[in-house]
Every structure is written in C-alpha cells, then in structure tokens.
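A.B. asks: Structure here, sequence nowhere to be found:
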C-alpha cells in the first residue's frame with residue numbers, strides 16, 4: 001500500500017515575501033516608468049501653483065478623473081506661455097510615483113495649449129499684460145526727429161536688411177551718419193543682444209565715443225517665421241524699448257508680421273526698407289523746403305527794409321534831427337540854470353548866516369558871553385554844512401533826471417543808426433542808391449553821415 005507521499009498529496013508551503021513600503025513603492029515606480037516612459041495626456045489645469053524654486057505644480061482634470069502634474073524648473077523655463085487654471089493643455093512626459101506620499105503623478109517635460117499654439121498664447125498673454133500697464137499708449141510715444149543727422153541701427157550686420165537700409169539712406173541723403181550695433185536677431189540670445197544695443201545708444205558711453213547721441217534708433221530684422229521673430233516678443237526687450245530716451249522705430253519682418261516690439265516702439269515700419277524711407281526726407285524734398293523758406297525769408301527781409309526806409313524818410317521830413325538837437329541844448333541850458341541858482345542860493349544863505357553871526361557878535365561884544373557866541377557859531381557852521389549838503393543832493397538828483405531823459409532821447413534818436421557807421425548814399429538827382437551796378441565811372445554821388453554830408457565821384461563799380 002502506497003503512502004501519502006507516494007500519491008503526491010503533500011505540497012511545499014508557499015513562500016511569503018514581506019516588502020517594506022519604500023521597496024514596494026520604488027518597485028512599482030520603476031515598473032510604471034518603464035511602461036509609461038513617454039506619453040501624452042490631455043486635460044484642464046486646476047490648482048496651478050508655481051513655486052519659488054521655479055518648479056510648477058498643478059492638477060490635470062478630465063471629467064471625474066484627475067492627475068497630479070509636476071514640471072521641474074529645467075523644463076519650465078523653456079515654456080513659451082504661462083499656464084493658468086482652466087486652460088486646456090496637452091502634456092508630454094512620463095508617469096511616475098511620488099514616493100514620499102505614495103501618489104501617482106505625471107512628470108511633464110513639455111506643455112502646449114490645446115487649439116492655439118504655444119507661441120500665440122504667449123504672445124497674447126504678454127500683449128495683454130503690457131497693454132494693461134500702458135506701454136502701448138499713444139501718449140507715451142516720442143515724436144520722430146524731422147531730419148536726423150545720426151541714426152543708430154540695431155541688427156545683424158550680415159543680414160540683407162542692413163544693406164537695403166544703407167542703400168536707401170545713401171540715396172535719400174548721403175550726409176546722414178549711420179551707426180550699427182551688431183546683434184543676433186534670432187535665437188535665445190537675440191533678445192538680450194538687441195536690448196543691449198538699445199541701452200548702448202542711450203548711454204553716456206555712446207555719446208562719448210560718437211561725439212553725440214543718435215537722434216533715432218531703428219531695430220531691424222528681415223522676414224521669417226513666427227519662431228524666427230520670437231526674440232522680438234521678449235518682455236525684457238519690450239521694457240528696454242519703452243524706457244529709451246531716444247525715439248525707436250521697430251522694423252521687424254514683413255508688413256503682415258507683428259511683434260511686441262512693434263506695439264511698444266514709438267513708430268512701426270512695415271519692413272526695414274520702409275524704416276529707412278520713413279526716418280529721413282529725400283534731398284529733393286529737403287531742397288524744395290529750403291528753397292521755399294529762402295523765398296519767404298527774402299520777402300520778409302525786403303518788407304522790413306522797405307518799412308524801415310519809409311519810417312526813416314518820414315522822420316527826415318519832419319526835421320526830427322534838428323528838434324532832437326534843440327531838445328538836447330534846452331535840457332543842458334536848463335541844467336546850467338539850475339546849477340547857477342543853487343550856487344547863488346548857497347552863497348546867499350552863507351552870507352546871511354555870516355551877517356547874523358556878525359550882528360550877534362557886535363551885540364554881545366560888550367558882554368563876556370564867549371560861550372554863548374561860540375555856541376551860536378557852531379550852530380551856524382552846522383546849519384551851513386546841512387544847507388550845503390542839501391543843495392548838493394538836490395543838484396545831483398536834478399542832474400541824474402536830466403541825464404536819464406537825455407539817455408532816453410538818444411536811444412530813440414534815428415541818428416543812432418548813422419552813429420553805428422551806416423550812411424545814406426544818393427545819386428545826382430537825389431535818389432537813394434541801392435545797387436552799385438546802377439552807377440558808372442564819373443557819376444557824382446552824395447552821402448549823409450551821422451555828422452555832416454559829403455560829395456564824391458565814382459571811379460569804378462564792382
């Protein structure tokens with residue numbers, strides 16, 4: 001009879017494996033990460049929390065399901081837009097387990113908005129932010145100089161845009177000075193290099209090296225895709241342009257391309273070539289304006305000369321010169337009369353005081369009143385001194401008034417014009433000579449000077 005062992009009824013007891021929590025979670029995390037190493041997941045952002053470390057934390061919802069998302073700083077800084085609650089996105093990354101809490105989470109490496117592209121969302125977000133701060137307001141735009149002598153250009157020196165601009169500027173006005181600040185206009189370093197160019201032209205160092213600051217700055221780049229032009233949608237560059245003390249023209253891309261730099265600049269040009277056309281007038285237009293101003297100036301000068309001559313002739317007809325001399329003489333005569341009167345009055349007063357002192361001395365001679373007499377004498381001397389001082393002050397005041405009146409009359413005299421060395425030349429029949437070509441050798445002319453006249457014979461004219 002066979003035993004139980006022979007029938008195979010006895011089995012080895014199962015082996016029991018006891019895991020630590022850490023090992024189990026770590027093993028599950030490794031298995032999940034291998035299985036879901038590169039996946040895409042779609043949903044709505046909620047509980048978005050950016051950390052001071054630069055990491056991003058949020059939850060991705062879809063119906064009743066949710067998934068915690070973490071995006072570390074290295075990947076977050078490459079985002080073209082700013083995630084926000086309620087935004088529908090597609091995330092690419094790997095599924096993992098956060099061991100500290102034993103929670104399933106998704107480590108995102110790339111995010112993109114659903115529908116609109118990431119670049120467009122980032123563009124609209126920055127545009128709305130800067131518009132709310134007033135950086136696009138027309139009131140802060142600086143006017144363009146009418147005829148700039150120095151133009152600063154921030155662009156790539158190897159691009160076709162700078163060559164087109166230089167050709168146009170040379171054709172329209174060759175005397176303009178163009179200073180080029182070389183900068184990348186595409187790539188991650190482009191925004192900072194363009195901003196450095198704007199800051200350089202505004203700096204004292206530029207003024208020192210060039211002799212003066214530029215009158216206008218052109219930020220230029222040729223056409224390209226949205227990614228190629230993205231450097232000009234940089235917030236730091238936009239704020240640098242806004243704080244520039246020098247007017248800035250944005251000439252980026254083609255006519256249909258718009259960047260943040262276009263909105264914040266003082267003037268947008270559709271293309272770099274158009275910026276060169278806008279920034280300076282052509283020589284023909286400038287010459288036409290100068291000729292027009294020259295004609296207007298000539299007319300104004302001729303009118304002023306004719307008016308002055310007419311006024312001078314009117315004064316000469318009314319014998320203004322003789323009346324002014326007579327007025328000077330009468331004023332001088334009046335001054336002499338006042339001086340004589342003051343001197344006579346002073347002598348009379350002194351004589352009268354001396355007579356009174358003599359009478360007093362004769363009356364008091366019989367009495368020994370020397371002290372009284374001395375006091376009277378001192379009083380008389382003091383009165384005499386006061387009288388003399390008063391007379392001198394009155395005489396000085398009257399002379400000052402007469403001198404002021406004489407100075408005003410001299411200032412208003414038409415003779416002052418002749419006193420400065422001018423003369424009026426008349427031909428043989430008494431007409432004023434305006435053009436030397438109207439005279440011939442042997443003609444007789446007369447000239448009126450500040451003092452007197454003379455007659456001369458023309459030997460030659462030039």
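C.D. replies: Received the coordinates, thanks. Everything numeric here is computed off the predicted structure, so don't read it as measured data. Numbering: from 1, shown residues only.

A.B. asks: What segments of the stretch 201-350 of the chain are strands?
C.D. replies: 216-221, 248-252, 267-268 (DSSP state E, counting those that start in this stretch).

A.B. asks: out of the ones you listed, nearest to residue 142?
C.D. replies: With CB to CB, the closest approach to residue 142 among the strands of the stretch 201-350 of the chain belongs to strand 248-252: 8.0 Å. (Each C-beta comes from the backbone N, C-alpha and C, glycine too.)

A.B. asks: shaky segments in this structure?
C.D. replies: Scanning the chain for pLDDT under 70 picks out 1-13, 115-119, 281-287, 315-323, 325, 364-370, 372-373, 412-415, 462.

A.B. asks: Let's see that with 50 instead.
C.D. replies: 1, 5, 282 (pLDDT under 50).

A.B. asks: mind checking the longest helix of it?
C.D. replies: helix 320-364 (DSSP state H).

A.B. asks: want to try JSON lines for the strands of the stretch 201-350 of the chain, with mean neighbour count and distance to residue 87 as columns?
C.D. replies: Output for the strands of the stretch 201-350 of the chain, formatted as JSON lines (neighbours: other CB atoms under 10 Å; distance: least, CB to CB, whole Å):
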{"stretch": "strand 216-221", "mean neighbour count": "28", "distance to residue 87": "31"}
{"stretch": "strand 248-252", "mean neighbour count": "27", "distance to residue 87": "28"}
{"stretch": "strand 267-268", "mean neighbour count": "18", "distance to residue 87": "30"}
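
A.B. asks: so which of those strands comes closest to residue 183?
C.D. replies: Of all the strands of the stretch 201-350 of the chain, strand 216-221 comes closest under CB to CB, at 9.0 Å.

A.B. asks: so what secondary structure elements neighbour that closest one?
C.D. replies: Judged by 3 or more CB pairs under 8 Å, 6 or more residues apart in numbering; DSSP states H and E, the packing partners of strand 216-221 are strand 150-155, helix 160-172, helix 190-202, strand 248-252, helix 272-279.

A.B. asks: Walk me through which strands the shortest one pairs with, and which way each runs.
C.D. replies: Yep, that's strand 248-252 we're talking about. strand 216-221 (parallel), strand 267-268 (parallel) (DSSP bridges).

A.B. asks: Identify all contacting residues around stretch 86-93.
C.D. replies: Residues outside stretch 86-93 that contact it (CB atoms under 8 Å, 6 or more residues apart in numbering) are 38-46, 60, 69, 71, 83, 106-115.

A.B. asks: Any of these buried? List them.
C.D. replies: 41, 43-45, 60, 69, 71, 83, 106-108, 111-113 (16 or more other CB atoms under 10 Å).

A.B. asks: Looking at those, which are in helices?
C.D. replies: Per DSSP H, the buried ones among the contacts of stretch 86-93 never map to helices.

A.B. asks: Tell me which residues touch residue 35, please.
C.D. replies: Residue 35 neighbours (CB under 8 Å, 6+ apart): residue 95.

A.B. asks: and the gap between it and residue 201?
C.D. replies: 57 Å (CB to CB, to the nearest Å).

A.B. asks: same check, this time on residue 41
C.D. replies: 48 Å.

A.B. asks: before we move on, what about residue 69?
C.D. replies: In terms of CB to CB, residue 69 sits 44 Å off from residue 201.
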